[in-house]
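Asker: sequence first, then the predicted structure:
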Amino acid sequence: MKRPDIEAWYRGLQERFCIAIEAVDGSTGFVSEAWARPGGGGGDTRILTEGRHIEKAAVNFSAVWGSTPTMLSDRLAAAGDHFYASGVSIIVHPRNPFAPTFHANLRYFEADGGTAAWFGGGADLTPCYFFEEDARGFHEKLKEVCDRHAVADHGAWKQACDQYFYLPHRGEARGVGGIFFDHLDDRLAEVWAFQKDLGNSLFAAYGPILERRIVLEHGARQRHWQELRRGRYVEFNLIWDRGTRFGLETGGRTESILASLPPRARWDDSFEPESDSQESATQGLLLAAPVDWA
């Protein structure tokens, strides 16, 4: 398990996921932009915008290294003097408000030339309109992957995801969760096998949901609600997301780091959905205690 092998696999996942999303959209493709990081490394940012079904998607690969910034948030790289980090991040913002946003991230870190190393990552689903079928199917697929690997702990990682993707200033969840794991530094070969299995299963978890929701009829009311919910997504990514801070504080490409943001969002002062509406039901779910969907 060497850096070039890890990077090659992450690049392959990026390629495969882009192909799958392009097939669903059927109208346009990803634009690729390679970038270099001052101080060491770089990446490949791939963006699809204004497609038939996908309003924006970003599938980004990076491999960066260098001196550890003194102000690095949450000790994400290491307490040591030098770090190495590689990974792939995925975000899909569908055009149809009934189709949920999808996010995933797989990453590998080393400190001080590999004296410390660990994996992290996860995947989560953020619907504007809640469908129980989608939540259960998504979580069941993630649990199936975890159950195939002794190093995985679906129950703990599901709980960690619910805790992480939460907006404390709103008192609500960002979405219906998934799994979230970090600093897995034991039995690395087994963890790497799990992470590859998870990466290979991401589209299988999300693709069927995307394909059955992008055909639903919608109008101005649903788009308005979608943009309000996207506002919550922006709030989380800019205020609470550790990956955003890590990228900015390690000198990553700003446009690539912020590629996860939706193309359109809104903030209406004191907006409340109508009672007994689909919007109200979804908001109520996000304000309630997490559910064990699997």
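Answerer: Sure thing, it's come through. Residues are numbered from 1 along each chain as shown.

Asker: show me where the stretch 51-200 of the chain has its strands.
Answerer: Along the stretch 51-200 of the chain, the segments classed as strands by DSSP state E, counting those that start in this stretch run 54-67, 82-94, 101-111, 116-126, 166-167, 172-173, 177-184.

Asker: quick one: closest of the ones you listed to residue 23.
Answerer: strand 54-67 (10.9 Å; C-beta to C-beta). Heads up, the C-betas are built off the backbone N, CA and C, glycines and all.

Asker: now for that closest one, which elements pack on it?
Answerer: helix 3-25, strand 41-49, strand 82-94, helix 254-257 (3 or more C-beta pairs under 8 Å, 6 or more residues apart in numbering; DSSP states H and E).

Asker: and these, which one averages the lowest pLDDT?
Answerer: Per-segment mean pLDDT for those reaches its minimum on helix 254-257, at a mean of 89.

Asker: tell me the angle of the helix or strand of the chain with the lowest mean pLDDT relative to strand 101-111?
Answerer: Sorting the helices and strands of the chain by mean pLDDT, DSSP states H and E puts helix 242-249 at the bottom, at a mean of 85. Calculated by axes from the mean of the first three to the mean of the last three C-alpha atoms, to 10 degrees, helix 242-249 forms an angle of 60 degrees with strand 101-111.

Asker: who are the packing partners of helix 242-249?
Answerer: On a contact count with 3+ C-beta pairs under 8 Å, 6+ apart, helix 242-249 meets helix 254-257.

Asker: give the buried residues for the helix it packs on.
Answerer: By neighbour count on 16 or more other C-beta atoms under 10 Å, the buried set for helix 254-257 is 256, 257.

Asker: returning to what we had before: can I get the strands of the stretch 51-200 of the chain in CSV with distance to residue 220 and mean neighbour count?
Answerer: Listed next are these as CSV, based on distance: least, C-beta to C-beta, whole Å; neighbours: other C-beta atoms under 10 Å:
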stretch, distance to residue 220, mean neighbour count
strand 54-67, 16, 22
strand 82-94, 17, 24
strand 101-111, 20, 23
strand 116-126, 21, 21
strand 166-167, 26, 17
strand 172-173, 24, 20
strand 177-184, 29, 22
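
Asker: dump the helices and strands packed on strand 54-67 into CSV; add distance to residue 135 as well.
Answerer: Listed next are the helices and strands packed on strand 54-67 as CSV, based on distance: least, C-beta to C-beta, whole Å:
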stretch, distance to residue 135
helix 3-25, 20
strand 41-49, 25
strand 82-94, 16
helix 254-257, 28
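
Asker: select, out of these, the one closest to residue 142.
Answerer: Comparing these by C-beta to C-beta, strand 82-94 comes nearest, at 14.2 Å.

Asker: who are the packing partners of that closest one?
Answerer: helix 3-25, strand 54-67, strand 101-111, helix 188-213.

Asker: which residue is the nearest non-sequential neighbour of residue 152?
Answerer: residue 146 (3.8 Å; C-beta to C-beta, 6 or more residues apart in numbering).

Asker: next up, the contacts around the residue nearest to residue 164 when sequence neighbours are not counted.
Answerer: Distance criterion C-beta to C-beta, 6+ apart; nearest residue to residue 164, sequence neighbours excluded, is residue 180 at 5.0 Å. Each residue near residue 180 by C-beta atoms under 8 Å, 6 or more residues apart in numbering is listed here: 121, 122, 124, 157, 160, 161, 164, 165.

Asker: now residue 180: how far from residue 143?
Answerer: Separation of residue 180 from residue 143 (C-beta to C-beta, to the nearest Å): 14 Å.

Asker: for residue 171, same thing?
Answerer: For residue 171, the distance to residue 143 - C-beta to C-beta - is 27 Å.

Asker: ok, those two, which is more surrounded?
Answerer: It is residue 143, of residue 171 and residue 143, that has more neighbours when counted by other C-beta atoms under 10 Å, with 19 against 9.
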